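1. next one to model:
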Amino acid sequence: MTARFVLLSLFIAVSAQAQRVTVGANFGGSSAASNLATSADWKSGWSLGANLTYRFASRLGLRADANVAQNALSGGVAMPGEQRFNKISYTGNAVWQSTAARGHLAPYALAGIGAVRIADKGSDSSFTRFATNFGLGLGYRLGKLGLRAEGRDLIYKFDHFGYSRTQNDMLWQAGLTLGI
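-> Residues are numbered from 1 along each chain as shown. Have a look, this model is predicted:
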């Protein structure tokens, strides 16, 4: 009887622990909040992402994000390549879920640090910079499956090709989550 109780307790503990882990996939767009220079405008582009979240408290968790975004420059820009840039970012975020969560809806905020690698698609030129990000989102839970929409600001220094500017890339994405 004691062995059954111990096994049942372990099963419940492992099940409860597993529901604290969530994987997600996002897709959406990428827009620069400011131009690189007066003659170099960023065009809106696309973004894809994947993430893994571990909730260690009911309202607080840690999330690892990997995102790929692509934007092009317009204007009279003298740069090598196609002037289309892949921006690959890896960030670790703290996620705080609001106490205003009602039923299936769960608003949240996130902030974190990481790195972004900027690569010109038409050349072998790339560079990596420290990055921060913060954002807001809204989740809708359907048991283990969920829907999510969020907006984040990815901040980094673009200091190549004769430019030296702090960039703010707005990533706006929607996606699915799965509690495992």
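2. relative to residue 110, how far out is the residue nearest to residue 126 when sequence neighbours are not counted?
-> Nearest-residue entry for residue 126: residue 119, 3.8 Å, with adjacent residues in sequence omitted and distances by Cβ to Cβ, 6 or more residues apart in numbering. In short, each C-beta sits where N, CA and C put it, glycine included. For residue 119, the distance to residue 110 equals 25 Å [Cβ to Cβ, to the nearest Å].
3. neighbour count for these two, which is higher?
-> Neighbour tally, residue 119 and residue 110, criterion other Cβ atoms under 10 Å: the higher count belongs to residue 110, 23 against 18.
4. hmm, that one is touching residue 93, no?
-> Yes: between residue 110 and residue 93 there is a contact under Cβ atoms under 8 Å: 4.5 Å.
5. okay, and the common contacts of those two?
-> Residues touching both residue 110 and residue 93 (Cβ atoms under 8 Å, 6 or more residues apart in numbering): 63, 133.
6. geometric centre of the protein: which residue is closest?
-> residue 65 (4.8 Å; Cα atoms, centre = their mean).
7. test my guess that that residue contacts residue 51.
-> Yes: with contact defined as Cβ under 8 Å, residue 65 counts as touching residue 51 (4.6 Å).
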